[in-house]
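**Q** after the sequence you'll find the predicted model.
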Amino acid sequence: MKGYDLKEYLRPIWNTNLITNETFMFLDEDDEANLLYYPDKIISVKNYFLDKDFLNNKDYIIENGKIKRVKTGNMPYYKIEDYYVTDPGIFSIAINDEIRKKYSFNDQRYLLYGECDTFTKNQISISYTTKSKWTKNIPLGKENKLPTFTRKLKNKEKIYITFYGDSIMTGCNSSGTPMGGNVPPFMPSFPEMIKEFLIENFDADIELSNVSQGGWDTYSAFNAFKERVLPTRPDLLILGFGMNDLDTTIDEYEKMYREMINYLKEQNPNIEIVLVSTMLPNPDSTWLRNQLLTKDVHIKLEKEDEHIARADMYTIHKDLLTIKRYRDMTANNINHPNDFLCRIYAQVILKTILGSKFERIYEK
């Protein structure tokens with residue numbers, strides 16, 4: 001695998017024996033990282049930009065299914081004092097007490113923050129085959145809740161899809177976007193990947209509107225909803241706010257979601273909606289607050305409406321964090337995914353809207 005490849009990048013991680021460009025990052029010179037699966041055959045170990053190879057025994061070793069940095073090798077890493085910093089910088093995201101105790105910090109420490117390639121320049125991409133199987137939760141297909149989308153896709157009719165979310169849904173931090181640094185492998189945003197996947201595999205006629213806005217919480221989304229979303233007249237709205245709702249009460253979050261949905265239903269009673277639950281913010285930080293509650297609203301709304309489907313990114317990210325560290329999959333160290341996790345966003349949404357048709361593409 002030499003670079004970005006749409007089909008390989010969207011191969012579902014829960015149904016494969018080939019892992020392409022899984023990422024991780026070392027903290028200190030002798031760190032080791034868990035991989036998603038126990039590796040059978042290593043295909044490549046490269047830097048994040050995929051233009052530099054690292055060598056077994058010289059730069060890394062594989063032990064008990066983990067990859068370990070060789071101290072004298074050339075693989076990049078962060079020093080602990082450069083990762084948990086004393087200067088808060090632009091954003092003062094303090095570490096939690098658990099991390100403070102783990103590293104015996106006696107002074108105030110903050111998580112290093114940065115966009116573009118601040119973190120990805122120190123991340124590694126590994127590709128390998130595996131005989132292991134996924135043992136965590138598998139996203140559910142909800143195509144039965146999206147009959148208009150499913151029919152139009154089958155009949156190759158024009159489909160209007162609107163994405164409305166926060167910075168994650170704008171594309172932050174896919175490598176081919178400004179916030180990702182426009183660096184190799186130049187992977188586009190996951191909404192664009194979803195569009196291209198539907199076109200390539202179903203000959204779909206898709207008109208995509210992405211009216212997402214970085215930094216917005218649900219209050220901001222609600223206030224701009226009529227102006228931003230209604231003019232796009234979507235057949236399918238993919239709605240995803242929550243990461244920035246640190247202090248939004250669950251009652252207010254639910255009220256605003258209900259009113260946005262009602263606005264759309266007044267315009268189109270048959271509107272179909274996918275609610276994308278947010279990934280988690282960095283659990284090492286104090287940023288993690290009310291985001292955990294937002295998924296419960298999605299669960300309630302899905303149960304109540306036959307045309308609302310929930311894309312459960314929250315659960316799969318939570319499962320991933322039982323295997324890998326947050327730093328292995330983030331691009332800003334606080335609340336943005338890197339290429340690897342952006343790909344999983346796309347995979348979860350595709351499974352939600354396509355059901356088993358998504359996996360069958362990879363079984364041909």
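**A** Done, it's in.
**Q** pretty sure residue 46 sits in a strand.
**A** Yes - under DSSP: H, G, I helix; E, B strand; the rest coil, residue 46 falls within a strand.
**Q** so what's it bridging to?
**A** The residues listed as beta-bridge partners of residue 46 by DSSP bridges are residue 53, residue 125.
**Q** tell me how many other residues crowd it.
**A** 19 (other CB atoms under 10 Å). No exception for glycine: its C-beta is placed from N, CA and C like everyone else's.
**Q** flag the shaky bits of this protein, pLDDT-wise.
**A** Scanning the chain for pLDDT under 70 picks out 1-2, 364.
**Q** give me the residues contacting the top helix by length along it.
**A** If you go by DSSP state H, the chain has its longest helix at helix 250-267. Contacts to helix 250-267, defined as CB atoms under 8 Å, 6 or more residues apart in numbering, come from residues 218-219, 221-222, 225-226, 229-230, 233-234, 237, 239, 242, 245, 271, 273, 275, 290, 293-294, 296-297, 300-301, 305, 308.
**Q** which among those residues end up buried?
**A** Buried members of the contacts of helix 250-267, counted by 16 or more other CB atoms under 10 Å: 218, 221-222, 225, 229-230, 234, 237, 239, 242, 245, 271, 273, 275, 290, 293-294, 297, 301, 305, 308.
**Q** just the strands in the stretch 101-250 of the chain please.
**A** 110-111, 123-130, 158-165, 205-210, 236-240 (DSSP state E, counting those that start in this stretch).
**Q** how far out from the middle of the chain is the third one?
**A** When you say that, I think you mean strand 158-165. A distance of 18 Å separates the centroid of the chain from that of strand 158-165, by CA atoms, centre = their mean, to the nearest Å.
**Q** and that strand, what does it pack onto?
**A** Contacts defined by 3 or more CB pairs under 8 Å, 6 or more residues apart in numbering; DSSP states H and E place strand 158-165 against helix 147-155, helix 190-202, strand 205-210, helix 218-228, strand 236-240.
**Q** would you mind writing the CA trace of the first one as CSV?
**A** By that I understand helix 147-155. Extracted C-alpha coordinates of helix 147-155, given in CSV (Å, rounded to 0.1, in the frame of the first residue of the first chain):
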residue,chain,number,x,y,z
PRO,A,147,-36.3,3.4,2.5
THR,A,148,-36.1,6.5,0.3
PHE,A,149,-32.4,6.5,0.3
THR,A,150,-32.3,2.7,-0.3
ARG,A,151,-34.8,2.9,-3.2
LYS,A,152,-33.0,5.8,-4.9
LEU,A,153,-29.7,4.2,-4.5
LYS,A,154,-31.0,1.0,-6.1
ASN,A,155,-32.7,2.8,-9.0
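**Q** quick one on the thing from earlier: buried stuff in the longest helix of the chain?
**A** Neighbour-count burial for helix 250-267 flags 253, 254, 256, 257, 260, 261, 264 (criterion: 16+ other CB under 10 Å).
**Q** same deal with stretch 323-332?
**A** For stretch 323-332, the neighbour count (16+ other CB under 10 Å) marks 324, 325, 326, 327, 328, 329, 330, 331, 332 as buried.
**Q** one more: stretch 120-140?
**A** The neighbour-count check on stretch 120-140 (16+ other CB under 10 Å) flags 120, 122, 123, 124, 125, 126, 127, 128, 130, 138, 139 as buried.
**Q** okay, those residues in TSV with distance to residue 362 next?
**A** Compiled in TSV, the buried residues of stretch 120-140 are given as follows (distance: CB to CB, whole Å):
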residue	distance to residue 362
120	26
122	31
123	25
124	25
125	20
126	20
127	16
128	17
130	15
138	14
139	14
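**Q** which pair of those residues spans the longest distance?
**A** Taking CB to CB as the measure, those span a maximum distance of 31.3 Å, between 122 and 138.
**Q** SS state for residue 348?
**A** Assigned with three-state DSSP, residue 348 falls in the helix class.
**Q** for it, give me its contacts.
**A** 139, 276, 311, 312, 313, 316.
**Q** hang on, the earlier thing: just the buried residues of stretch 120-140 now: which is nearest residue 357?
**A** Checking the buried residues of stretch 120-140 against residue 357 by CB to CB gives residue 139 as the nearest, at 13.4 Å.
**Q** quick one: the closest one and residue 309 touch, right?
**A** No - the criterion here is CB atoms under 8 Å, and residue 139 misses it with residue 309 at 10.8 Å.
**Q** need the overlap of contacts for the two.
**A** The contact sets of residue 139 and residue 309 overlap at residue 352 (CB under 8 Å, 6+ apart).
**Q** any chance of the buried residues of stretch 323-332 in JSON lines, with secondary structure and distance to residue 189 too?
**A** Below are those laid out as JSON lines (DSSP: H, G, I helix; E, B strand; the rest coil; distance: CB to CB, whole Å):
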{"residue": "324", "secondary structure": "coil", "distance to residue 189": "22"}
{"residue": "325", "secondary structure": "coil", "distance to residue 189": "24"}
{"residue": "326", "secondary structure": "helix", "distance to residue 189": "21"}
{"residue": "327", "secondary structure": "helix", "distance to residue 189": "22"}
{"residue": "328", "secondary structure": "helix", "distance to residue 189": "21"}
{"residue": "329", "secondary structure": "coil", "distance to residue 189": "16"}
{"residue": "330", "secondary structure": "strand", "distance to residue 189": "16"}
{"residue": "331", "secondary structure": "coil", "distance to residue 189": "12"}
{"residue": "332", "secondary structure": "coil", "distance to residue 189": "15"}
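**Q** re the thing from before, who wins for proximity to residue 52 among the strands of the stretch 101-250 of the chain?
**A** The minimum distance between residue 52 and these falls on strand 123-130, with 9.8 Å, by CB to CB.
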